[in-house]
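Asks: need the 3D shape of this:
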Amino acid sequence: MASGGRAGLCGEGDRMRVAWVGPHSGEEPPISGENGSGTVFFTGCSLGCVFCQNYQVSREGVGAALDAISEMLRQKGVLDVFESNGVLASKGVLVRHLILPGHVENSLDALTALFLEFGAGLPLSLMSQYCPVPGPLPENLKRRVEAEEFDRVYAHAMDLGFHRLFVQFPEVSDGGADSAPFLPDFRDARPFRGGPRSG
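Replies: Model (predicted):
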């Protein structure tokens, strides 16, 4: 669960759960084809839409612990650039973790769980890009991730020995128009301004 045994805004704790993995034939024909498109439905959702058609997943908590990642690794292995020393991946698993302000303990617990379940060879991406957006937010999500918070999570990943690691280091900014470089601006012709992560 989240820090102090509480669930997060999405209704879930620090152990990602998956409700269903498989071929989904309900998409448009060019996407689904004859065999269906590969789909992963994660448990929990922070939107709370009253019209949600997947309410069993988003609100009722249907889903299971880290088994989905195990199955994905069994089927596709780790991101194949690490196996072939390539530049562009064609298949494989990479786990992204978004660090949230005020929730460092959740991040530490999540990384520990991933390490214990899959080992230090699991490809991992640490993301520091969280930025508050307009609308009602819990008080602790009304700010960016602080350098000290990021440093604690990054140090824990290094201490655990994760060596297939991509790191999105926090941006240093003056609070101007580019203070959230990874937050897309869809009014712009090029919405995504964020640069690459370090490997």
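Asks: ok, how many other residues are close to residue 110?
Replies: Counted by other Cβ atoms under 10 Å, the residues lying close to residue 110 total 20. The C-beta positions use only the backbone N, C-alpha and C, and glycine is treated the same way.
Asks: ditto for residue 126
Replies: Residues lying near residue 126 (other Cβ under 10 Å) number 24.
Asks: and what of residue 135?
Replies: If you count neighbours by other Cβ under 10 Å, residue 135 ends up with 5.
Asks: again, but for the one 4 residues further on
Replies: The number of residues packed around residue 139, counting by other Cβ under 10 Å, is 7.
Asks: list the contacts of stretch 99-109.
Replies: Contacts with stretch 99-109, where a contact means Cβ atoms under 8 Å, 6 or more residues apart in numbering, come from 2-3, 8, 14, 97, 126-128, 130, 140-141, 143-146, 149-150, 152-153, 156.
Asks: quick one: distance of that stretch to the chain centre.
Replies: The chain centroid and the centroid of stretch 99-109 are separated by 13 Å, computed with Cα atoms, centre = their mean, to the nearest Å.
Asks: could you pull out the strands for the protein?
Replies: Listed in chain order, the strands of the chain (DSSP state E) span 18-24, 37-42, 95-98, 124-127, 165-167.
Asks: I'd like to know which of those is closest to residue 135.
Replies: Closest approach to residue 135 among those (Cβ to Cβ): strand 95-98, 17.9 Å.
Asks: buried stuff in that closest one?
Replies: Buried residues in strand 95-98, counted by 16 or more other Cβ atoms under 10 Å: 95, 97.
Asks: chain center to it: distance?
Replies: What separates the centre of strand 95-98 from the centre of its chain is 4 Å, taken as Cα atoms, centre = their mean.
Asks: in the chain, which segments are predicted with low confidence?
Replies: By pLDDT under 70, the weakly predicted segments of the chain are 1-5, 14, 26-31, 50-51, 61, 64-65, 86, 172-181, 192-199.
Asks: got the domain ranges for it?
Replies: For the chain, the domain assignment from automatic domain parsing gives the residue ranges 10-65, 66-199.
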